[in-house]
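1. Quick one: sequence and predicted model below, then my questions.
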Amino acid sequence: MNELTIIITYYNKEDYILDCIGSIKNQRNQNFDLIIVNDGSTDSSNRLVNEAINNYDKNVNHINLDRNYGHAYARNIALENVETKYFMFLDADDQLASYSVEYYLSKINGLDGLIGPINKFSLKKPQYVNKDKIRIDYLTKGNNPNSFLRKNTVCNILFKTSIVKAHNIRFNEDLKIYIDTSFTLEYIKYVERFVRLRNFPFYFRGEIYDPFEGNTLSDQDFIFTFEDYVNSYLDSIKRTDNKDILNFLSQKMKLEIKKGFDPSLRDINIRYSVLEKPLINIVKTLKWNIIKDGKILYKLELLFLSMDDIENAKYINNIRSVSRHVKNIVQNNKMKNRSKYQLLDKEEAVNTETIVFESFGGKNYSDSPKYIYEYMQKHYPKLNYIWVFKNPNQNVITGNAVKVKKGSKEYYDAYSKAKFWVTNARLPLYLNKKDNQIYIQTWHGTPLKRLANDMKIVRMPGTTTPKYKKNFYAETSRWDYLISPNRYSTNIFKTAFWMDENRTLEIGYPRNDILVNRSNDQEYIEKLKKELNIPKGKKIIMYAPTWRDDEFVKKGKYLFDLKINLENLQKELGDEFVILLRMHYLISNALDLSGYEDFAIDVSNYNDISELYLISDALITDYSSVMFDFGILKRPQYFFAYDIEKYDKGLRGFYMDYMNDLPGEIITDEFKLAEELKDIDKHKEKYKDKIERFYDKFCSIEKGQSSKIIGDFIYDKTK
């Protein structure tokens, strides 16, 4: 008989249930029972689970409930079917490292429980347990009663079945989300000795992918979870008289209130309105235990709440916000300019004839904002133009625009008074877009990979998938107009950016006007080549690969391996060609072109990629959206996807059919690439039909008039 049962409950988890079960099937030690409960899923989760366990050499107890009862009920059903000495829970969006079961069973030693660490999701999971890092503590309830409660979850705890059965411990089905603490508190009443593992990952917590739906614990919107958290706390404190535990639970509850009703939150007024009843209830329950905490204004706010005076509490909350800004100004710290802006920004400050431009967060003078500005500067020179830069002195612009430094007083003044905001990337949410201002978002490319709301998982430092999506939604809701380059993009923007067609201007990208209007302007093209010091008569090929996450090693250190093999290219192509290298700026810092000075040019920091397209006879890329802009020129493209097998799963996250819709050949071998590049004209003829189809679908709307359309539109609005 096995010693352990693993319990998985799921509801509509089709996007990641297979990864979860895969981590179970990959366990080195398979001496465990498996119970899976389908809590009435309406998506394809159930079918996927059946397929996954069909070829699994294990007798899996797969229970299907007729409707969604909630995960407390689903877990209770699973508990009735446990027959082993120990059991543990695994959430359907989480994964176990392959060594977990083996290690757990070797350390439990008949004790009353094992607590394993829970780590953030990682693509690079360890392959074995590092004995120099892992810490094993054998503890008693008397000295460490809170060890079971630290993560707010029952997951990755091995529970002793005899304790649960003897005392009929079950999850409280009246709670919706925070069901774990009450169960754990009942359990630890009967615990004597247990083992705790620290400092090494075993259990990897996934994420809930849709912040607006779902009933799991991770990162849901505070407005939907706070009342249940309060109810869970009230339920929990009835289940223990241990002072250490009560203090631990109260401290967590107080922290939830303090963070959840912080005056700096954008939705603080909504939170106060919607959560008035549970907020007052919990403050009254905590009484002086919470009112004694914090500074004087916070105490006063809590005191009003305990007296049912919600209006004065909200008033004090607002004063707390104002006082922070005043403090920043008085102390003359780095936040002073933003604080002045937050306090003084008003609709009356808006000037109808002022336009502020920004490209890639102030990085440079480029992209669609540049071309809109240059058209307007030429035709409407009397308007007030402002450009935002991180380093104003390092950016040369034409015309009479005022340059301001990002974060300066002038920067906030610009966004306070400009009637029109024109940018190609997201702006910080602390900029207050007022009702009498117009925000025109040009965006920066035809989407190839999934964007924003269409992304299943966001793996970025300092955020989670739900937080990323909520912040993105807050941003796109400010956009009055979004420029689209084609119908394909317009349809994507509807779901990815929550954009309706009334706010979407399907006119082509202003930055691409130059590709339409000057593609045959040989004098201009030769001028650009001369500026880049390219000898006359050379054929030019640009290499513009996408950034790969695995090129990042650690802060300030990046892997670098130029896969196109410059040595072989130079040998095969000879003196007829020049290669332009358009790399990610982090990688470009590591470029060493010694010995290739006459053959390869690093253009990674060249501001205007549209000018580089114009002078290039062909493009080498892989999974980058540069293919769409270059497609306007109907010139040959080579898709050097050397790691396509590794990217195969990622390709499913593309909007287009990468394997069939490209206007050129997919090449995985560096030597074959060199051979194909020898005869660009032959390649162009070979893929002529595909190039035309690609153009018709993605590029045909570009007529070279986008800057004029937007520039005239803005000018008309100034009137």
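-> It's in.
2. Pull out the buried residues from stretch 264-276.
-> Across stretch 264-276, burial judged by 16 or more other Cβ atoms under 10 Å covers I268, R271, Y272, V274, L275. Glycine gets a C-beta too; all of them are placed from N, C-alpha and C.
3. Next: stretch 41-57.
-> For stretch 41-57, a neighbour-count test (16+ other Cβ under 10 Å) marks S41, S45, N46, L48, V49, A52, I53 as buried.
4. Do me a favour and average the pLDDT over it.
-> Averaged across stretch 41-57, pLDDT comes to 93.
5. all helices of the stretch 301-450 of the chain, in order?
-> Taking DSSP state H, counting those that start in this stretch as the test, the helices found in the stretch 301-450 of the chain are 310-330, 336-344, 367-379, 409-417.
6. The first one packs against which elements?
-> Right, the one you point to is helix 310-330. Packed against helix 310-330 by the contact rule (3 or more Cβ pairs under 8 Å, 6 or more residues apart in numbering; DSSP states H and E) you find helix 268-274, helix 296-306, helix 336-344.
7. closest one to M88 among those helices?
-> Checking the helices and strands packed on helix 310-330 against M88 by Cβ to Cβ gives helix 268-274 as the closest, at 35.4 Å.
8. CA-only coordinates of the following helix or strand past that closest one in PDB, if you can.
-> Beyond helix 268-274 on the C-terminal side, the first helix or strand identified by DSSP states H and E is helix 276-286. Taking C-alpha atoms only, helix 276-286 is exported to PDB below (Å, rounded to 0.1, in the frame of the first residue of the first chain):
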ATOM      1  CA  GLU A 276     -18.000  49.600   3.600                       C
ATOM      2  CA  LYS A 277     -19.900  46.800   5.500                       C
ATOM      3  CA  PRO A 278     -17.100  44.200   5.900                       C
ATOM      4  CA  LEU A 279     -14.500  47.000   6.600                       C
ATOM      5  CA  ILE A 280     -16.500  48.400   9.500                       C
ATOM      6  CA  ASN A 281     -17.300  45.000  10.800                       C
ATOM      7  CA  ILE A 282     -13.600  43.900  10.900                       C
ATOM      8  CA  VAL A 283     -12.400  47.100  12.500                       C
ATOM      9  CA  LYS A 284     -15.000  46.800  15.200                       C
ATOM     10  CA  THR A 285     -13.900  43.200  15.800                       C
ATOM     11  CA  LEU A 286     -10.200  44.100  16.100                       C
END
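9. tell me the angle of helix 276-286 relative to helix 310-330?
-> Orientation check (axes from the mean of the first three to the mean of the last three Cα atoms, to 10 degrees): helix 276-286 against helix 310-330 gives 80 degrees.
10. outside of the helix or strand following helix 276-286, which residues touch it?
-> Counting by DSSP H and E, the element after helix 276-286 in chain order, helix or strand, is helix 288-291. For helix 288-291, the surrounding residues in contact (Cβ atoms under 8 Å, 6 or more residues apart in numbering) are S250, K254, I257, V283, K299, L302, L303, S306.
11. Now do the host helix or strand of the second one: which elements does it pack against?
-> Counting by DSSP H and E, the element that carries K254 is helix 243-260. Applying 3+ Cβ pairs under 8 Å, 6+ apart, we find helix 243-260 packed against helix 222-237, helix 276-286, helix 288-291.
12. Give me the distance from the last one to the chain's centre.
-> Translated: helix 288-291. Put simply, helix 288-291 sits 37 Å off its chain's centre (Cα atoms, centre = their mean, to the nearest Å).
13. Next: the longest one.
-> On the basis of Cα atoms, centre = their mean, helix 222-237 sits 27 Å off its chain's mean C-alpha point.
14. cool, stretch 264-277 as well?
-> Centroid separation for stretch 264-277 versus its chain: 25 Å, with Cα atoms, centre = their mean.
15. how far does it stretch from start to finish?
-> Start-to-end span of stretch 264-277 (Cα to Cα, to the nearest Å) is 21 Å.
16. Use 777 as the first number for this chain going forward.
-> Sure, I'll start counting at 777 from here, so that last one is stretch 1040-1053.
17. hang on, the earlier thing: any chance of the buried residues of stretch 1040-1052 in JSON lines, with pLDDT and distance to Y1249 too?
-> Formatted as JSON lines, these follow (pLDDT from 0 to 100; distance: Cβ to Cβ, whole Å):
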{"residue": "I1044", "pLDDT": "92", "distance to Y1249": "18"}
{"residue": "R1047", "pLDDT": "92", "distance to Y1249": "17"}
{"residue": "Y1048", "pLDDT": "93", "distance to Y1249": "21"}
{"residue": "V1050", "pLDDT": "91", "distance to Y1249": "18"}
{"residue": "L1051", "pLDDT": "94", "distance to Y1249": "20"}
